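S.K.: Below is the sequence, then the predicted model.
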Amino acid sequence: MLAALGALVLVVVVLVKVGQWVWVHWWILLVLGLLALFVFVGWVYRQVDRMRSAQIRVEGLTYSLGQLDAMHHSTFEVAVRDLLARDGSRDALRCGGRGDLGADVKGHDPVGRFWVIQCKHRRKGLDGSAIGTPELQTLNGTGRPVHGGDVVVMVTNGKISRPAREFARQQRLHLVDRHLLEQWARGGRPLWEILPAVPPPRKPPRLRRAP
């Protein structure tokens, strides 16, 4: 009991001393507060400027096939995400890596369709191995059932085998081979205008009639 009372008295004495110091040296706290405010404002300005610069870069984004070929596979996924954002996807996200379940990039287009994209980068371009049916089977098994994609796409800077193309046609998968990738990366039209047979826009939910 005495120990607790002594501790309470000590706390009160410390608080009184601190209050006296603050009363005498109030201007120091004012200076520190102003410095903290300036630092915070500077940080906010840098963040806004960084986002603005990133938006400007995305809006005018183009790639050549040479640039895409020279990329690491993870950088290629980032490039595909940025191209999707350039076309108007506000939530374009790169999600590739371990455990991605066949999706490297995801995002909604301006009319509400959800895009699920798998990226296959070939360092040698057309001279690299062709995308085959097994890769598309993986994408087909997760693109709609797991990720809920309206449009499921395979993007590569290489080539796609004939059996894989037939499988994609049967399963309503969309393919962006080297030729289509070049069109898209040049920035002329968004991907949903380049690909054939893209599903129609999502219908808005019906409004209930008032009773």
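M.R.: That came through, no problem.
S.K.: which ones are touching the closest residue to Val155 other than its chain neighbours?
M.R.: In space, and not counting its chain neighbours, Val155 is closest to Val176: 4.3 Å by CB to CB, 6 or more residues apart in numbering. For every residue, glycine as well, the C-beta is placed using N, CA and C. When contacts are counted by CB atoms under 8 Å, 6 or more residues apart in numbering, Val176 touches Val153, Met154, Val155, Thr156, Trp184, Leu191, Leu195.
S.K.: quick one: the first one and Leu173 touch, right?
M.R.: Right, Val153. Yes: contact criterion CB atoms under 8 Å: Val153 and Leu173 qualify, at 7.3 Å.
S.K.: coming back round to it: how much space separates the residue nearest to Val155 from Lys120?
M.R.: 10 Å (CB to CB, to the nearest Å).
S.K.: if I look at those two, which residues touch both of them?
M.R.: Met154, Val155, Thr156.
S.K.: which one of the residues you listed sits closest to Ala70?
M.R.: Ranked by distance to Ala70 (CB to CB), the shared contacts of Val176 and Lys120 are led by Thr156 at 15.2 Å.
S.K.: The closest one: neighbouring residues, count only.
M.R.: 24 (other CB atoms under 10 Å).
S.K.: Quick one: residues contacting the residue lying closest to it once chain neighbours are set aside.
M.R.: Once flanking residues are discounted, Thr156 sits nearest to Lys120: 4.3 Å by CB to CB, 6+ apart. Neighbouring residues of Lys120 by CB under 8 Å, 6+ apart: Ile131, Glu135, Met154, Val155, Thr156, Gly158.
S.K.: do the same with Val80
M.R.: Contacts of Val80 (CB under 8 Å, 6+ apart): Arg94, Asp104, Val105, Ile117, Cys119, Val155.
S.K.: export these to TSV and tack on distance to Gly149 and pLDDT?
M.R.: Output for the contacts of Val80, formatted as TSV (distance: CB to CB, whole Å; pLDDT from 0 to 100):
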residue	distance to Gly149	pLDDT
Arg94	15	93
Asp104	12	94
Val105	11	96
Ile117	9	97
Cys119	14	96
Val155	13	98
